[in-house]
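[1] return a 3D structure for these sequence lines:
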Amino acid sequence: MTEIKKGYEIKDSSKNFKSELPFYSRRLFMGGAILLFSTYALSIPKYLRAKSARIKKAEFLANTIFKNIFEIIGKTNSDMQKRIALVKLFDKHADVPIIARAVLGSPWRQLNKEERTNFTGAFRQYLAKKYTAQFSEFIGAEMMIEKSRDSGGKAGIMVETRLLMPGSSPIKVGWQVSDASGTFKMVDVKIEGVSLLTTERGEIRNQLSKEGGSVSKLAQSLLEY
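    Numbering: from 1, shown residues only. Have a look, this model is predicted:
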């Protein structure tokens with residue numbers, strides 16, 4: 001049995017069921033749907049709409065830094081050559097001035113341009129020396145990206161990874177990447193939840209206290225590390 005009622009065609013329910021809107025109703029429905037979708041899309045913050053591209057860049061950077069570090073550490077070059085290579089790597093992929101400022105804290109504001117440059121340079125050398133030995137512990141590891149979180153602000157993106165080590169448990173490593181300075185650069189590394197930035201902040205400020213609050217003496221002690 002077939003019944004026609006106000007533009008709808010209802011066929012026997014025991015056979016194929018079909019409901020068809022009149023042409024003008026379909027156009028009205030589609031127009032409303034498009035308007036609703038457009039309004040929703042425009043209401044999403046710009047950083048969320050661009051999240052996928054930002055995260056891809058951050059993950060690519062984390063992967064690049066990881067590979068480059070272990071290419072440098074794994075070579076049979078002298079420690080000095082490794083440090084020089086790491087300094088170049090930090091210059092290229094890490095926001096060392098931002099890290100140096102965060103680590104030093106309020107005394108940074110009292111420094112002139114030359115003093116800031118000197119401290120940043122000494123801090124860069126110190127990082128390269130210190131982490132040449134520490135990164136050596138992870139030679140042979142493979143990195144697996146687990147997930148990434150975009151804060152949408154200056155804090156940037158946290159790329160959470162695991163280092164798979166032969167014969168040992170995986171190690172959690174988080175790479176904090178920010179484009180606050182204009183390009184994506186690393187601003188912190190967290191190993192098993194322990195922040196490099198937080199650790200160095202404590203150590204640098206403790207050393208500054210030992211140097212009587214003199215940043216120039218602190219810079220010299222970092223060069224002699």
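
[2] please name the bridge partners of E142.
    Taking DSSP bridges as the rule, E142 bridges to L164.

[3] could you tell me how many residues sit around it?
    Look at E142: counted by other CB atoms under 10 Å, it has 12 neighbours. To be clear about C-beta, it is placed using only N, CA and C from the backbone, and glycine gets the same treatment.

[4] isn't it up against L163?
    Yes - taking contacts as CB atoms under 8 Å, E142 lies within contact range of L163: 7.2 Å.

[5] worst-scoring helix or strand of the chain, pLDDT-wise?
    strand 8-10 (a mean of 39; mean pLDDT, DSSP states H and E).

[6] quick check, central residue of this protein?
    In the chain, the residue lying closest to the centroid (CA atoms, centre = their mean) is V177, at 2.6 Å.

[7] helix or strand for it, which one?
    Using DSSP states H and E, V177 sits in strand 171-178.

[8] check which element follows that strand along the chain.
    From strand 171-178, the next helix or strand downstream (DSSP H and E) is strand 185-191.

[9] so which elements touch that following strand?
    Under the contact criterion of 3 or more CB pairs under 8 Å, 6 or more residues apart in numbering; DSSP states H and E, strand 185-191 touches helix 51-74, helix 96-104, strand 171-178, helix 196-210.

[10] where among those is the average confidence lowest?
    In terms of mean pLDDT, the lowest-scoring of those is helix 51-74 (a mean of 90).

[11] now do that helix against strand 171-178, angle only.
    Going by axes from the mean of the first three to the mean of the last three CA atoms, to 10 degrees, helix 51-74 is angled at 120 degrees with respect to strand 171-178.

[12] which strands or helices does helix 51-74 pack on?
    helix 79-93, helix 113-135, strand 142-150, strand 157-164, strand 171-178, strand 185-191.

[13] list the contacts of the closest residue to G174 other than its chain neighbours.
    Spatially, and ignoring its direct neighbours in sequence, G174 is nearest to K190 (3.9 Å; CB to CB, 6 or more residues apart in numbering). Listed by CB atoms under 8 Å, 6 or more residues apart in numbering, the contact partners of K190 are 172-174, 176, 196.

[14] this structure - how does it break down into domains?
    3-43, 50-223 (automatic domain parsing).

[15] how far out from the middle of the chain is the longest one?
    On the basis of CA atoms, centre = their mean, to the nearest Å, domain 50-223 is displaced by 12 Å from the centre of the chain it belongs to.

[16] hang on, the earlier thing: now the residue nearest to the centre of the chain: how far from D79?
    28 Å (CB to CB, to the nearest Å).

[17] ok, R162 touching M143?
    Yes - between R162 and M143 there is a contact under CB under 8 Å: 7.3 Å.

[18] need the overlap of contacts for those two.
    With CB under 8 Å, 6+ apart as the test, R162 and M143 both reach V173.
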